[in-house]
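**Student:** Model the following, please.
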Amino acid sequence: MTDLTETHSIGVDRARIRLVFIAVCCVLLLASMGQTVVTTALPIIVGDLGGLDQIALVITAYLLAATVGAPVFGKLGDLFGRKKVLQVGIVVFLIGALICAMAPTLSVLVVGRFVQGLGGGGLIVVSMATVADVVSPRERGKYQGYLGGVFGFSTVVGPLAGGFVVQHFHWSWMFLANVPLALLAFGVIAAVLESHSADRKPSIDYPGAVLLTVSLSLAVTIASVGGDPVPWTSPMMMALVAAVFVALGAFIFAERRAAEPILPLELFRINNFVVSNTVGAVTGVAMFGTITFIPTFMQVVKGLEPSTSGLFVFPMMLGMIGGSAMAGQVMSRTGRYKMLPVFSTMLLTAAMLFLATLKPETPNWMIAVAVTAAGLGIGPVMGVGVTAIQNSVPARMVGVGTASANMFRLIGGSLGTAMFGGIFAHGLARELGDAAETLGGASPRSLTAQAITQMDPAVQSQVTHAIAAALHPCFYIAAILAAIACLVAMLMHEVPLSDRVPAARTPAE
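**Tutor:** Residues are numbered from 1 along each chain as shown. Predicted coordinates for the structure are as follows:
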């Protein structure tokens with residue numbers, strides 16, 4: 001049970017809640033669009049700076065940084081107040097966007113995406129924690145459902161905007177477009193949110209932040225290079241695996257000794273914290289795998305324009321918004337939520353199984369239906385997970401608890417995208433290698449959407465079938481993980497949702 005100190009919701013300033021919610025939505029839209037805006041532009045960007053087999057790097061860099069930034073910013077929000085931390089996050093996000101816009105090479109672009117991800121990951125979790133500060137647990141389900149809708153909206157607006165930009169302008173404008181939106185979000189926060197100052201000087205867990213970064217970076221590196229180009233049994237891979245365990249052990253040791261740990265270990269003794277984050281990590285794998293590879297499939301295999309390929313993420317957005325809003329209403333009206341992620345992950349499993357059978361001949365409408373089902377499977381998990389965690393953790397840990405929901409989803413997304421990128425690159429090299437002479441020496445690094453459209457029709461058919469076949473293992477793995485998530489979701493404890501608003505408290509209290 002939670003140890004929240006609560007007051008009745010009667011007399012709550014609804015006008016203030018609406019203003020705070022508008023500010024939160026602006027921030028969330030900025031950060032979540034940063035995750036998805038590059039997806040439809042990836043074939044163009046990577047074709048300009050690198051090769052098709054490196055397509056996952058630009059996504060992975062953002063997700064890895066957001067994974068690290070989530071708990072760090074979440075904890076800083078608990079210590080220093082949400083307003084200051086949100087403003088710092090916007091500045092960091094904007095700096096990263098400017099680095100991306102001026103990137104002359106893929107390496108610089110990846111660095112810019114990492115910086116952008118640090119700010120973006122922090123913005124998402126602190127904005128969600130801000131809602132928990134002003135509404136009752138019973139109402140949080142409804143508001144988290146709305147936030148899930150904003151996140152789903154960005155899922156389609158981001159790819160559509162990215163596709164439109166690269167089709168009509170240079171891709172750097174995709175990142176420069178963040179500037180006015182960031183300034184608007186900064187201004188809304190400055191006007192709406194109240195400033196708070198800590199009664200005592202907080203102790204920041206720098207060792208924990210560094211060790212968490214190292215642990216996750218090593219894990220993503222292993223997922224990216226494992227098997228190909230670095231064999232699993234090679235000395236280098238063994239050293240990387242050993243380094244992960246050492247870094248993770250050092251992180252646990254640091255968290256036990258820290259006065260204000262980035263990720264308090266006592267949270268792992270809370271059932272809903274563990275169950276919600278496990279399910280969230282798996283849905284992160286499915287969500288970012290679909291967002292990354294479906295637009296690429298539609299461009300490279302189906303031959304669609306970047307902006308048109310982005311429309312095939314639109315059904316996922318509709319599913320996520322609908323599923324999240326429905327789950328929020330169910331929680332708000334009934335106070336029940338345990339079975340929502342169970343049923344939604346069943347649907348997600350079915351959607352991933354269908355996507356694992358994609359071929360160049362698969363009708364576009366069937367792909368749209370499968371992507372819609374995937375969105376319906378993901379949407380309820382996000383809102384339910386955040387609400388279940390916020391309703392189960394101590395009040396002083398609401399920020400870091402909320403951050404954990406986003407962190408584990410991003411861990412799943414970053415590890416899954418890196419792993420899928422490696423599997424896709426290896427499978428594509430294998431498929432193309434069998435027909436190297438017929439393909440005129442084509443290799444994964446030399447393939448772009450433009451290059452494929454200029455091939456002889458017979459060769460083009462071989463290449464598109466090879467790309468589709470290389471994607472199949474990725475979605476099969478996602479389906480297996482979604483089925484496991486369904487089983488894990490059944491272990492959730494349904495803690496009753498209160499109708500009372502948490503009493504106001506000062507940061508670091």
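
**Student:** Might you report the residue contacts of residue 236?
**Tutor:** Counting by CB atoms under 8 Å, 6 or more residues apart in numbering, residue 236 touches residue 230. Just so you know, the C-beta spots here come from the backbone N, C-alpha and C atoms, and that holds for glycine as well.

**Student:** mind checking which helix or strand it is in?
**Tutor:** Taking DSSP states H and E as the definition, residue 236 sits inside helix 235-257.

**Student:** Next SSE downstream of that helix?
**Tutor:** helix 271-296.

**Student:** Report the distance from that next one to the chain centre.
**Tutor:** Taking CA atoms, centre = their mean, to the nearest Å, one finds helix 271-296 lying 8 Å from the centre of the chain it belongs to.

**Student:** helices or strands up against the helix or strand that it is followed by?
**Tutor:** Moving toward the C-terminus from helix 271-296, the next helix or strand (DSSP H and E) is helix 306-310. Packing contacts for helix 306-310, counted by 3 or more CB pairs under 8 Å, 6 or more residues apart in numbering; DSSP states H and E, involve helix 137-168, helix 271-296.

**Student:** And the contacts of helix 306-310?
**Tutor:** For helix 306-310, the external contacting residues (CB under 8 Å, 6+ apart) are 39-41, 43-44, 156, 159-160, 162-164, 166-167, 295-296, 298-299, 302.

**Student:** Can you give me the domain boundaries for this protein?
**Tutor:** The chain breaks down into these domains under automatic domain parsing: 13-196+260-502, 205-259.

**Student:** Settle this for me: residue 452 is touching residue 463, isn't it.
**Tutor:** Yes. Taking contacts as CB atoms under 8 Å, residue 452 lies within contact range of residue 463: 5.6 Å.

**Student:** by how many degrees do the helix or strand encompassing residue 371 and helix 271-296 diverge?
**Tutor:** Assigned by DSSP H and E, residue 371 belongs to helix 364-390. Angle between the axes of helix 364-390 and helix 271-296 is 160 degrees (criterion: axes from the mean of the first three to the mean of the last three CA atoms, to 10 degrees).

**Student:** what about the next helix or strand after helix 364-390, distance to the chain center?
**Tutor:** Using DSSP H and E, the helix or strand that follows helix 364-390 in sequence is helix 398-433. Offset of helix 398-433 from its chain centre (CA atoms, centre = their mean): 9 Å.

**Student:** need the contact list for residue 39.
**Tutor:** Here residue 39 is in contact with 59, 158, 159, 162, 291, 292, 295, 296, 310, 313 (criterion: CB under 8 Å, 6+ apart).

**Student:** quick check, nearest of those residues to residue 130?
**Tutor:** Distance to residue 130 across the contacts of residue 39 (CB to CB) is lowest for residue 158, with 22.1 Å.

**Student:** Help me confirm that the closest one comes into contact with residue 31.
**Tutor:** No. Look at residue 158 against residue 31 with CB under 8 Å: they stay out of range, at 10.7 Å.

**Student:** Look at these two and report which has more neighbours.
**Tutor:** Taking neighbours as other CB atoms under 10 Å, residue 158 and residue 31 compare with residue 31 leading, 31 against 26.

**Student:** My read is that that one contacts residue 93, right?
**Tutor:** Yes. The criterion here is CB under 8 Å, and residue 31 meets it with residue 93 at 6.7 Å.

**Student:** Residue 459: how many residues sit nearby?
**Tutor:** For residue 459, using other CB under 10 Å, the count is 15.

**Student:** For the chain, which helix or strand comes out least confident on mean pLDDT?
**Tutor:** strand 6-7 (a mean of 38; mean pLDDT, DSSP states H and E).

**Student:** Following element in sequence after it, please.
**Tutor:** helix 14-36.

**Student:** And that following helix, what's buried?
**Tutor:** Judged by neighbour count using 16 or more other CB atoms under 10 Å, the buried positions of helix 14-36 are 17, 19-21, 23-36.

**Student:** What of stretch 174-186?
**Tutor:** Buried residues in stretch 174-186, defined by neighbour count with 16+ other CB under 10 Å: 174, 175, 176, 177, 178, 181, 182, 185, 186.

**Student:** for residue 397, what are its contacts?
**Tutor:** Residues near residue 397 by CB under 8 Å, 6+ apart: 78, 264, 267.

**Student:** What degree of burial does the residue nearest to residue 403 when sequence neighbours are not counted show, as a neighbour count?
**Tutor:** Take residue 403 and drop its neighbours on the chain: the residue closest to it by CB to CB, 6 or more residues apart in numbering is residue 74, 2.5 Å away. Using other CB under 10 Å, residue 74 is surrounded by 31 other residues.

**Student:** Secondary structure element holding residue 74?
**Tutor:** helix 56-80.

**Student:** what about the helix or strand just after that helix, distance to the chain center?
**Tutor:** The C-terminal neighbour of helix 56-80 among helices and strands, as given by DSSP H and E, is helix 82-101. Distance of helix 82-101 from the chain centroid (CA atoms, centre = their mean) equals 17 Å.

**Student:** buried stuff in helix 82-101?
**Tutor:** Neighbour counts over helix 82-101 (16+ other CB under 10 Å) mark 82-90, 92-94, 96-101 as buried.

**Student:** same deal with stretch 422-436?
**Tutor:** Within stretch 422-436, the residues that qualify as buried are 422, 423, 424, 425, 426, 427, 428, 429, 431, 432, counting by 16+ other CB under 10 Å.

**Student:** For it, list the C-alpha coordinates in CSV.
**Tutor:** This file holds the C-alpha atoms of stretch 422-436, laid out as CSV (Å, rounded to 0.1, in the frame of the first residue of the first chain):
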residue,chain,number,x,y,z
GLY,A,422,21.9,-6.4,-35.7
ILE,A,423,19.6,-9.2,-36.7
PHE,A,424,18.3,-7.3,-39.7
ALA,A,425,21.9,-6.4,-40.9
HIS,A,426,23.1,-10.0,-40.5
GLY,A,427,20.0,-11.4,-42.2
LEU,A,428,20.3,-8.9,-45.1
ALA,A,429,24.0,-9.7,-45.6
ARG,A,430,23.1,-13.4,-45.6
GLU,A,431,20.2,-13.0,-48.1
LEU,A,432,22.2,-10.8,-50.4
GLY,A,433,25.3,-12.8,-50.1
ASP,A,434,23.6,-15.8,-51.6
ALA,A,435,22.9,-13.9,-54.8
ALA,A,436,25.9,-11.5,-54.8
